[in-house]
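Q: what shape does this take:
(one chain, ligands or ions: 1)
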Amino acid sequence: MWSQRSVVDYGLAKRATVQSFRAGRTGARDVCDANPYLLRAARYHGESTDRVCPICEHRNVTNVTYVYGDELGRVAGQVKATSDLPEMAREYGEFRVYVVEVCQGCSWNHLAVSFVLGTADPPGPSL
Ligand SMILES: [Zn+2]
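A: Predicted structure coming up:
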């Protein structure tokens, strides 16, 4: 496998959003706002999970994985399969991966986690 660096887990922010929704402080329209591109990416390139959507509690969420980095050129901003990442991690020095969970039922979407992959250490002070 590959080693993930600078991992940022957005679980806390996600829980806060879900709690706010359940408490009625946030409307479904505010949390279920996946744009057409994201929904399309989820449908055609997403990876299904066994996690039930926290909002509609009806469908399982789909993971959509984006890659960003100066080295990536045209690949930056593209959706990738998790299985593509090990090869990219060997090919590039550094790029960041963002995993967004999307519900194709109610359009809930939230950043789940992001991390850095690549052959070299990230520049600047590491955590
Ligand atoms: Zn949902």
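Q: from here on, just use CA atoms for contacts and neighbour counts.
A: Noted.
Q: can you give me the strands for the chain?
A: Taking DSSP state E, the strands of the chain run over residues 5-9, 47-52, 60-68, 79-80, 95-102, 109-117.
Q: in TSV, list those along with distance to the ion and mean neighbour count.
A: Listed next are those as TSV, based on distance: least, Cα to the ion, whole Å; neighbours: other Cα atoms under 10 Å:
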stretch	distance to the ion	mean neighbour count
strand 5-9	21	14
strand 47-52	8	14
strand 60-68	7	24
strand 79-80	21	20
strand 95-102	8	23
strand 109-117	9	21
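Q: I'd like those as TSV, with distance to Ala41 appended.
A: TSV is the format used below for the strands of the chain (distance: least, Cα to Cα, whole Å):
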stretch	distance to Ala41
strand 5-9	22
strand 47-52	10
strand 60-68	7
strand 79-80	7
strand 95-102	9
strand 109-117	12
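Q: so can I have CSV of those showing mean pLDDT?
A: Below are the strands of the chain laid out as CSV (pLDDT from 0 to 100):
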stretch, mean pLDDT
strand 5-9, 94
strand 47-52, 97
strand 60-68, 98
strand 79-80, 97
strand 95-102, 98
strand 109-117, 97
